[in-house]
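> attaching a predicted model along with its sequence, questions to come.
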Amino acid sequence: MIRRPHDGHRTSVDYAPRKLRYFCVALIPLFVFLSDSYAQGPTTDEAASSQAVAGPSSDTFETWLLLAIDGDAEAQFNLGLLYSEGKGVQIDYKQAAYWYGKGAEQGHTGAQYNLAHLYLDGYGVEKNAAKAVHWWRQAAQRGHILAQQYLGYAHFKGIGVPRNEKHALRWFREAAKGGDPRAQKMLATIERQRAPGASSDDPSSTSKPSANNAGIAPPT
């Protein structure tokens, strides 16, 4: 059975014989914000990849498809995952974006989070950082920890939104409270540089800092 999301979606249907990981299926390391494109498409972290199934049976896929067409957000998310990961089907980012979009519009946080990454990188959709931030925000407001982390970084670096340290800190704090180690590291570094006696390369200065001159790099 698919792991249920944390945003209130519930269904009695068993979609697959094995568990798919809901959180973090399309986590791209934070350094992607400093890169304009990827040579081999969106990447996943090792933990997420290790928990992705090899692919559903044809009967399972047809079940998901029928449910997705009928409006089931979890099935729509699952189809997006299969198409973006190439599990049992050819990788097709347009189909992935389509089904993630359907699930995202219904409030599925996993679909919102993954769709944001497709917009950030321009896979299956026109590259649009502002739309990426929009979908991160939708997921972040519903408690998706990784979306909170990315939304904080987007505000910190001015990606898709005007640079705003106050908003960045807000979302880093939310993700840090949820236990995200990257957000905790970023938050600690920023707050340390804001302390009295911090050097002139404090990220709160009016000039837009780079990852190097601000002492802030996307944590690994």
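Happy to help now that I have it.
> drop to CA atoms for contacts and neighbour counts, all remaining ones
Noted.
> and the gap between residue 145 and residue 138?
For residue 145, the distance to residue 138 equals 12 Å [C-alpha to C-alpha, to the nearest Å].
> between those two, which is the more surrounded one?
Neighbours were counted for residue 145 and for residue 138 using other C-alpha atoms under 10 Å; residue 145 has more, 25 against 22.
> show the contacting residues for that one.
174, 175, 178, 180 (C-alpha atoms under 8 Å, 6 or more residues apart in numbering).
> run a quick neighbour tally on residue 86.
16.
> an error on my part: the question was meant for residue 139.
So residue 139, with other C-alpha under 10 Å, has 27 neighbours.
> can you check residue 179 too?
Here the count is done by other C-alpha under 10 Å, and residue 179 has 12 residues near it.
> which SS class is it?
Residue 179 carries the three-state label coil when classified by DSSP: H, G, I helix; E, B strand; the rest coil.
> measure the nearest residue to residue 137 once chain neighbours are set aside to residue 63 for me?
Distance criterion C-alpha to C-alpha, 6 or more residues apart in numbering; nearest residue to residue 137, sequence neighbours excluded, is residue 151 at 6.4 Å. Separation of residue 151 from residue 63 (C-alpha to C-alpha): 34 Å.
> looking at these two, which one has more neighbours?
residue 151 (31 against 17).
> check that one and give its pLDDT.
Note on residue 151: pLDDT of 97.
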